[in-house]
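[1] build me a model from this:
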Amino acid sequence: MDAMTEALLGGASRDEIERQPLPSHYEAAHLLARDVGMFDGVADKDVRKSLHVGPVPMPEIAPDEVVVAVMASSINYNTVWSATFEPVPTFAFLKRYAREGAHAARHDLPYQVVGSDAAGVVVRVGAGVRHWKAGDHVVASCVQVDEQEPATHADAMLGAGQRIWGYETNFGGLAHYSVVRASQLLPKPPHLTWEEAAGVLLTAATSYRMLVGDNGARIKQGDIVLVWGATGGLGAFAVQMVKNAGGIPVGVVSSARKAEALHRLGCDVVIDRNEIGMGGDDALTPERTIELGKRLGREIRRLVGEDPHVVFDYVGRATFGISVFVVRKGGVVVTCGSSTGYDHHFDNRYLWMNLKRVIGSHAANLQEQAECNRLFRLGQLSPILSEVFPLKEVGEAARLVQRNRHTGKVGVLCLAPGEGLGVTDPALREKIGAARLNPLRAGAAPAGAPLATGGVHA
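    Next up, the predicted model:
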């Protein structure tokens with residue numbers, strides 16, 4: 001164990017952290033450029049074969065960057081895309097970024113450290129960093145932006161220099177250490193453990209922008225919102241936000257097990273698509289899409305009496321045509337991804353003649369993320385962690401997500417030696433209740449259970 005890690009795990013002070021040297025190498029989940037093409041012609045692109053865990057060199061940091069000792073991270077679907085080298089190998093992103101020169105050139109390497117979530121401790125700051133210092137407990141945004149670009153100051157997600165860290169950049173969060181821009185950081189909610197905090201920012205903020213913020217559907221009291229994949233990392237946060245807004249979430253899931261988990265989350269209207277004949281093996285011809293849309297629409301009207309105002313869709317090809325059909329006249333379909341395929345087909349008559357709208361949404365700007373993070377700090381949103389793996393088993397964690405065998409978020413312990421660490425406000429945690437904080441976790445700690453708060457508590 002290097003001196004910095006030993007100091008952190010021993011609860012070092014800020015001054016002690018600053019005095020410790022950074023390690024020359026650190027453990028990280030990474031991809032190798034030489035593996036691009038390994039899945040050509042292969043039906044099952046098993047991410048366990050392409051994700052490697054081992055030492056990588058510690059990079060130098062730019063003046064606006066920070067080194068974070070990552071206590072925990074989580075699996076997002078973009079890590080599955082990276083590890084299957086689809087739709088394009090992410091090494092192409094690194095080469096394009098490196099052409100900007102200066103510090104960007106560091107990112108073009110024969111390996112890529114992946115991961116777009118992290119919770120941890122600041123251990124180094126660049127010369128231009130003003131608002132963060134060694135010892136701060138932080139969560140990392142997945143969004144890197146070019147603050148010198150005018151569009152960034154209107155909405156950072158419109159900037160040409162916007163990139164997703166750990167996917168379109170190197171030095172991501174599935175590692176013992178990570179390099180991030182200072183403008184990516186937000187304070188860690190003090191009542192959450194490292195693994196809980198590490199699994200919220202990317203997906204929760206994405207759902208926030210899609211549903212709540214000015215750039216999305218702007219849901220309101222009484223809105224009926226259809227949520228596909230309602231126990232996934234995006235969907236489970238969407239359900240909470242709809243309920244917080246006084247709306248009615250209608251969650252769609254793929255199994256009785258997930259339906260039960262969704263009820264635990266507090267979703268009152270749950271549809272198991274298999275029970276109404278909407279299994280995932282259908283050939284989605286235009287006729288079949290309309291047939292399934294009618295079937296789903298009848299079930300929603302039976303359960304809540306009306307068609308949905310909003311459809312929350314990140315599933316993509318398998319659901320998008322149905323979403324456009326089933327949303328009410330004048331309604332909104334908001335989409336942020338396509339895990340089942342990007343080539344969407346829908347009958348445009350049901351869009352234009354019924355005055356429906358489609359909103360494309362991507363991640364969230366820092367203000368939206370800060371507002372979302374505030375809701376966690378207030379206890380208005382709960383983590384949706386379901387399982388936790390050690391970093392050395394990151395391939396198994398990513399495989400679980402790849403095969404859609406998970407619920408909520410799958411966490412990964414990095415430097416944290418175990419679960420339950422990092423809580424610095426146990427009183428708030430006790431007030432909220434540990435069971436409420438882990439609604440999707442099998443065997444979640446009961447409310448009032450003792451909390452481990454020692455170690456890494458600058």
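
[2] give me the mean pLDDT for the longest strand anywhere in the chain.
    The residue-count maximum for a strand in the chain (DSSP state E) belongs to strand 65-74. Strand 65-74 comes out with an average pLDDT of 98.

[3] and what of stretch 342-359?
    Stretch 342-359 carries an average pLDDT of 95.

[4] show me what the longest strand of the chain is packed up against.
    helix 3-9, strand 119-125, strand 177-181, helix 194-197, strand 409-413 (3 or more Cβ pairs under 8 Å, 6 or more residues apart in numbering; DSSP states H and E). Quick note: C-beta positions are derived from backbone N, CA and C, even for glycine.

[5] deepest-packed of those, please.
    helix 194-197 (a mean of 30; mean count of other Cβ atoms under 10 Å).

[6] check which element follows it along the chain.
    Going down the chain from helix 194-197, the next helix or strand is helix 201-211, by DSSP states H and E.

[7] circling back to that earlier point, ok now the helix or strand just after the longest strand of the chain, how far from the chain's centre?
    On the C-terminal side of strand 65-74, the closest following helix or strand by DSSP H and E is helix 77-84. Relative to its parent chain, helix 77-84 has a centroid offset of 12 Å by Cα atoms, centre = their mean, to the nearest Å.

[8] buried residues in the helix or strand just after helix 77-84?
    Next in sequence after helix 77-84, counting helices and strands by DSSP H and E, comes helix 91-98. Within helix 91-98, the residues scored as buried using 16 or more other Cβ atoms under 10 Å are 91, 93, 94, 97, 98.

[9] following helix 91-98, which helix or strand shows up next?
    As assigned by DSSP H and E, the chain's next helix or strand after helix 91-98 is strand 111-113.

[10] what is that following strand packed up against?
    Using 3+ Cβ pairs under 8 Å, 6+ apart, the elements in contact with strand 111-113 are strand 25-32, strand 52-57.

[11] swap in 6 Å and give it another go.
    In terms of contacts (3 or more Cβ pairs under 6 Å, 6 or more residues apart in numbering; DSSP states H and E), strand 111-113 is packed against strand 25-32.

[12] neighbouring contacts of the strand it packs on?
    Applying Cβ atoms under 6 Å, 6 or more residues apart in numbering, the contact partners of strand 25-32 are 50-53, 55-58, 111-114, 174-177, 394.

[13] redo that, cut-off 7 Å
    In this structure, residues lying in contact with strand 25-32 by Cβ atoms under 7 Å, 6 or more residues apart in numbering are 50-58, 82-83, 110-115, 174-177, 391, 394.

[14] one more: stretch 59-68?
    Counting by Cβ under 7 Å, 6+ apart, 22, 103, 106, 118, 120-129, 132, 138, 140, 171, 177-182, 185 sit against stretch 59-68.

[15] low-scoring stretches of this protein, by residue?
    Judged by pLDDT under 70, the chain has its weakly predicted residues at 280-283, 442-458.

[16] rerun that using 50 as the cut-off
    Judged by pLDDT under 50, the chain has its weakly predicted residues at 443-458.

[17] hang on, the earlier thing: gap between the longest strand of the chain and the chain center?
    Distance of strand 65-74 from the chain centroid (Cα atoms, centre = their mean) equals 15 Å.

[18] how about it as PDB, C-alpha atoms only?
    Output in PDB follows, covering the C-alpha atoms of strand 65-74 (Å, rounded to 0.1, in the frame of the first residue of the first chain):
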ATOM      1  CA  GLU A  65      -7.600  19.800 -12.500                       C
ATOM      2  CA  VAL A  66      -7.800  17.800  -9.300                       C
ATOM      3  CA  VAL A  67      -6.600  14.400  -8.200                       C
ATOM      4  CA  VAL A  68      -9.300  12.500  -6.300                       C
ATOM      5  CA  ALA A  69      -8.600   9.400  -4.300                       C
ATOM      6  CA  VAL A  70     -11.600   7.300  -5.400                       C
ATOM      7  CA  MET A  71     -13.300   5.500  -2.500                       C
ATOM      8  CA  ALA A  72     -16.100   4.100  -4.600                       C
ATOM      9  CA  SER A  73     -17.500   4.200  -8.200                       C
ATOM     10  CA  SER A  74     -20.300   2.600 -10.100                       C
END
